[in-house]
Each structure stands twice: as structure tokens, then as C-alpha cells.
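S.K.: Below are the sequence and a predicted model; questions follow.
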Amino acid sequence: MPNYGSDRGQAAVELALALPVIALLLLAVVQVGLVVRAQVLVVHAAREGARAAAVDPDPAAATAAAAASADLDPTRLTVTETGRAGPGSQVTVAVAYRVVTDVPLVGALMADVTVHAEATMRVEAATETYRARSPPEDRKMPGRLSKWAVHRLPWQAA
């Protein structure tokens, strides 16, 4: 006669019921982490694009800087620049990026997410290209760091 009051195998059954739910939650956390990573990269791209737009009058500079600054797919990246009127004005760069939700199981349940970021900087006056100059000969300190640098420079002896 079978013993229906026995608890043998109860833990295995509970694990079999709970494991798919736990795996699904773990995959959802991974997908959310990927979206948050993309948001951080888009914020960085917007800042880089705004900096490029602030110092370079070329309209394509912001787009190129934003695309080059982060590990984002350029086909899903949209960069818009507004407000550049001249030195002293404010330039705003808005970046939008469509994040593909492609984590197994969870990606099929979620639609693609679009993350946005915006950065504003003051337009700087056009200046000559900065060229590094070496300190005067009487200021050089061979073998030691000089007050002109925080690290060893090419003209300083090793």
C-alpha cells in the first residue's frame, strides 16, 4: 500500500517548478542591465557630441564624435544638433539609440527600447589648433618631473 504522507521527492518537485521562473527572472535582469549600459553609452555619446559641436563649426562633427565615442551600432543611432548661433551661444546635441532586446526568452517578450540623452554646452570661439610646446631650456630638469608636466615628457631624459 502506498504511503501518501511521505515527503520524499518534494524538494525536487519544488525545484522543478521554481527553476524556470528563476531562470526567466535572471534573464530579465540581464536584459535590463544591457539597456542600462546602452543608456550610459548614449549619455556619453551626447556629451562627446556636444563637446565636438561646441569647438568645431562643422555640422557633421557632433554626429561623428557621438558615433566614435561609444560602442554603439551607428545604424541605430540618431544625433541631432540644435542652437548653434556663434561663440557664446548654447549648442544642444540630442542622441537617441534603439536598443535591441535580444536576450533569449526575455527578448521575445519585450519590444525594442529607445534610450535618449541630451547635452548642452557653450560654443567656444574659434582658436588656433593647440600645439604642445616644450619648456624653455633653463626650466628643464633632466631625469625629474618639471613644473610643466605631471608625467615624463618626450624631451625629458629617462
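M.R.: Arrived safely. Numbers count the residues shown, from 1 in each chain.
S.K.: tell me what the biggest helix by length in the chain is packed against?
M.R.: The single longest helix within the chain, with elements called by DSSP state H, is helix 10-55. Where contact means 3 or more Cβ pairs under 8 Å, 6 or more residues apart in numbering; DSSP states H and E, helix 10-55 is packed against helix 61-69, strand 77-82, strand 90-99, helix 106-109, strand 113-122. No exception for glycine: its C-beta is placed from N, CA and C like everyone else's.
S.K.: For those, give me JSON lines that also has mean neighbour count.
M.R.: Output for the helices and strands packed on helix 10-55, formatted as JSON lines (neighbours: other Cβ atoms under 10 Å):
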{"stretch": "helix 61-69", "mean neighbour count": "21"}
{"stretch": "strand 77-82", "mean neighbour count": "16"}
{"stretch": "strand 90-99", "mean neighbour count": "21"}
{"stretch": "helix 106-109", "mean neighbour count": "14"}
{"stretch": "strand 113-122", "mean neighbour count": "16"}
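S.K.: out of these, nearest to Ala38?
M.R.: Among these, the nearest to Ala38 by Cβ to Cβ is strand 90-99 (4.5 Å).
S.K.: got a list of contacts for the closest one?
M.R.: With Cβ atoms under 8 Å, 6 or more residues apart in numbering as the contact definition, strand 90-99 has outside contacts at 34-35, 38, 41-42, 45-46, 49-50, 53-54, 62, 66, 72, 76-84, 112-123.
S.K.: where does the protein dip in pLDDT?
M.R.: 1-5, 126-158 (pLDDT under 70).
S.K.: Try it again at 50.
M.R.: Within the chain, the segments meeting pLDDT under 50 span 128-134, 145-153, 156.
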